[in-house]
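A.B. asks: Model the structure of this input:
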Amino acid sequence: AFSVVIGLIIVMCFLILSLLLNTNEKKNYLTPREILIQNKLSLSLTSPEAALLFQNVSTYQYKAIQWIFHGKHSIPLTYDSPTLIQRYCLAALYFALNGDRWTRCGQQQQQETNETCLDENGNVSQRFLSEQSECSWYGIRCINGNVASITIRENNLVGSLPPELGELKELVYLVLSNNHLNGAVPKQLQQLSKLNTLLLNRNTLTSIHLDSMSHLPNLNIISLGYNSLQGTIPEELFNSNIDCAISMLDLSYNMFSGTISSKLFSCPRLQKINLEGNKLAGTIPSQFSDLHMLQLLMLRNNALSGSMPEAVCALRQSTLQILSSDCSIHSQASGRPFGVNCTCCTTCS
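C.D. replies: Modelled structure (predicted):
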């Protein structure tokens, strides 16, 4: 009788172990629908390691694709859904940038406060990851069903910009100012050939990984001021084999060093240039006078020296309305060993 009891116990142990193993297998099992969706995203995304990242539970990519699989969607998602890729990319943005802790319109905020989600103009919006169309989410605007604008300012976005943003091919405006973005501006943004406005000012970005502006022929406004960008001003921003469309460039209050690159003057449409608050040295290039549309040139709080070129001063008689620098008379008074002799500056420091 004792041996029978032992046998039954052993059988029960095997049954329990088998049940646990089956449960774990079910957790990792993908349905045919999920396999098709994952394969479609893996092939569509430019990141070669996308398929591996989908399997790593610690990544934002894993969280995003799990939401695609199991989240609520007003229109059921399949591998051939026209909004699959952009819906995934916006979910990646949410999870990569600490979406549950956003100040406004995150899912966690709804659970904690149940407040209505309002956009910057006070209009009711849908929260990120809501089942409604992503075109109705906070800060998102679409044209013909395609994401054309992402504007999420001062909303406690924390982390590095996800490269998946480069898959939003119709994106025109990317505005993520006054947050806590860190790391690099990813090179995948070069895929946004329709991008017109890039506002990433007042974050803690440290580098720009753009190889060439030739992929961004419509980029008109660049604002990267008040970050932690280091090294020389990247010539890649102006290294273009096409007509440079940039009209406003703000790189103020970073940690750029070296001299002002001559590549800057390959953008003839520049109207506003702000390089204040860096560690730029050397003399001020006379080629600024080649920018015949220039209205604002701000060079204060650097280590520039010499004299303001006469040709630049001549622009004060036409387009140039605001011209600032570290004028030598003020530099001498403050004991600084550098300064610019400028008789035409509108502002000195």
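A.B. asks: Extract the residue ranges of the stretch 51-200 of the chain that are flagged as low pLDDT.
C.D. replies: Across the stretch 51-200 of the chain, the stretches falling below the confidence threshold (pLDDT under 70) are 109-113.
A.B. asks: Count residues in the vicinity of Asn274, would you?
C.D. replies: The tally of other residues near Asn274 (other Cβ atoms under 10 Å) stands at 20. Every C-beta, even on glycine, is put in place using the N, C-alpha and C of the backbone.
A.B. asks: pretty sure it contacts Leu294?
C.D. replies: No. The pair Asn274 and Leu294 does not pass the contact test of Cβ atoms under 8 Å, sitting 11.9 Å apart.
A.B. asks: Return the residues in contact with Gln271.
C.D. replies: Listed by Cβ atoms under 8 Å, 6 or more residues apart in numbering, the contact partners of Gln271 are Ser247, Met248, Met293, Leu294, Gln295, Leu296, Thr319.
A.B. asks: Now rank those by neighbours and give me the top one.
C.D. replies: Most surrounded of the contacts of Gln271: other Cβ under 10 Å gives Leu294, at 23 neighbours.
A.B. asks: Next, find the distance separating it from Tyr62.
C.D. replies: To Tyr62, Leu294 is 48 Å away according to Cβ to Cβ, to the nearest Å.
A.B. asks: same question, His292
C.D. replies: 52 Å.
A.B. asks: Comparing the two, which shows the higher neighbour count?
C.D. replies: More crowded of His292 and Tyr62, by other Cβ under 10 Å: Tyr62, with 15 against 12.
A.B. asks: Now that one: phi and psi?
C.D. replies: The phi/psi pair for Tyr62 (degrees, to the nearest 10) reads phi -60, psi -50.
A.B. asks: Contacts only, for it.
C.D. replies: With contact taken as Cβ under 8 Å, 6+ apart, Tyr62 is in contact with Leu53, Phe54, Gln55, Asn56.
A.B. asks: try 7 Å this time
C.D. replies: Applying Cβ atoms under 7 Å, 6 or more residues apart in numbering to Tyr62 gives the contacts Leu53, Phe54, Asn56.
A.B. asks: how far away is it from Pro217?
C.D. replies: In terms of Cβ to Cβ, Tyr62 sits 35 Å off from Pro217.
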